[in-house]
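Q: Quick check, what structure comes out for this input:
(one chain, ligands or ions: 1)
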Amino acid sequence: MKWQILGAGAIGCLFASHLAKQKHRVSLLTKIKQLNQAVQLTELTGHQLQFKMDALTEIQHDADVLLVCLKAFQVLPAFNVLHRQIPSSLNIVLMHNGMGTLAPLQQLLPKQRIFCATTTHGALLTAKFNVRHTGVGNTILGGQRQDKAVGQAIACELDQALSNSSWSDNIQEKLWLKLAINCAINPLTAIHQIKNGELLQPQFRPMLTQICQEFCQVASLQGLALTPETLLEQVQQVAQATAANFSSMNRDIYHGRPNENEAILGYLLQCAQQHHINLPLCQQLYQQVQRLSV
Ligand code: PAF
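A: Have a look, this model is predicted:
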């Protein structure tokens, strides 16, 4: 397959370099054209590799997959510019924290095959086009039932590139689980400017418990079988596994960049409102993050 990666941040460079390592044809889709752009990967072992790939300003007409690694709030503005040059054969894979981009994108591109993916691989951009793989995770991809064969082929290539990638028949459930983890970890680590592991301290336990309870009220009405207890366990596992890392929202607030509050807590609160449910702590955290946002 021929891949094009939109979004040369940590996750975009992580996938681009691993796909290139497996000799897949990969290019980047960037604002500035640069043929033979070097992308540097530092593997978990510390081993460094460099891959040359074209950074193009247009979608390649023969690309099979456009892997979109933008932040949620960048997705629609990007496609409003790109949508006229997207060939009908192009498979789009959305991979970002938070939710809420799929429905408007489907409206903009009603005939396009669009998949959603979520990853727990850890990556850090140490400089432009320089990525460090900081933690092994997994990647799950899913979409419409009629697109399963294509989706499985995409997941298979991703799996060869970065282990633990697979197709899911129930991607919504996986996206909601990731949303829950982001609702619990990102706002608190951003507001208190702490590393993920610090959330395991006893003073955060009541807040994490309440976030999980509030989240499950909405999730159950969305048809998801999640309990606050199992959710809290999963949140704690992720906080433990990524203990030394700063969450993405923590870094965005720290560097004064736009953040994903709208796609994470904002999305949850919007769903809650549709079900006429009040989520007092999530609402309070959402407002606190809004006040810290640029
Ligand atoms: O947004 C992030 O930083 C990550 O999704 C996660 C899982 C919270 C780990 O830091």
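
Q: Work out for me the element Leu82 sits within.
A: In this assignment (DSSP states H and E), Leu82 forms part of helix 72-82.

Q: Which elements pack onto that helix?
A: If contacts are counted by 3 or more CB pairs under 8 Å, 6 or more residues apart in numbering; DSSP states H and E, helix 72-82 sits against helix 102-108. To be clear about C-beta, it is placed using only N, CA and C from the backbone, and glycine gets the same treatment.

Q: export the helix it packs on as PDB, just CAs?
A: Once non-C-alpha atoms are left out, helix 102-108 reads as follows in PDB (Å, rounded to 0.1, in the frame of the first residue of the first chain):
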ATOM      1  CA  LEU A 102     -16.000  11.500  12.300                       C
ATOM      2  CA  ALA A 103     -19.600  12.700  11.700                       C
ATOM      3  CA  PRO A 104     -18.700  16.100  10.200                       C
ATOM      4  CA  LEU A 105     -16.000  14.500   8.100                       C
ATOM      5  CA  GLN A 106     -18.500  11.900   6.800                       C
ATOM      6  CA  GLN A 107     -20.800  14.800   5.900                       C
ATOM      7  CA  LEU A 108     -18.000  16.500   4.000                       C
END
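
Q: follow-up on the earlier one: now the helix holding Leu82: buried residues?
A: Using 16 or more other CB atoms under 10 Å as the burial criterion, the residues of helix 72-82 that qualify are 72-76, 79, 82.

Q: Among those residues, which one lies nearest to Gly100?
A: Closest approach to Gly100 among the buried residues of helix 72-82 (CB to CB): Ala72, at 6.7 Å.

Q: how close does the residue nearest to the closest one when sequence neighbours are not counted get to Gln112?
A: Once flanking residues are discounted, Ala72 sits nearest to Ala263: 3.5 Å by CB to CB, 6 or more residues apart in numbering. Using CB to CB, to the nearest Å, Ala263 is found at 20 Å from Gln112.

Q: more crowded one of the two?
A: Ala263 (21 against 18; other CB atoms under 10 Å).

Q: tell me the contacts of the more buried one?
A: 71-73, 96-101 (CB atoms under 8 Å, 6 or more residues apart in numbering).

Q: likewise Ala10?
A: 123-125, 131.

Q: Run a quick check on Thr82 versus Leu56, I expect a contact.
A: Heads up, residue 82 is Leu, not Thr. No - the pair Leu82 / Leu56 is not scored as a contact, 11.9 Å apart, by CB atoms under 8 Å.

Q: Look at the residue of the stretch 1-150 of the chain with the smallest separation from the ligand and say how many residues are nearby.
A: Going by CB to the nearest ligand atom, the ligand is nearest to Asn97 of the stretch 1-150 of the chain, at 4.9 Å. Neighbourhood size, Asn97 [other CB under 10 Å]: 21.

Q: hang on, isn't it packed against Asn182?
A: Yes - look at Asn97 against Asn182 with CB under 8 Å: they come within range, at 5.2 Å.
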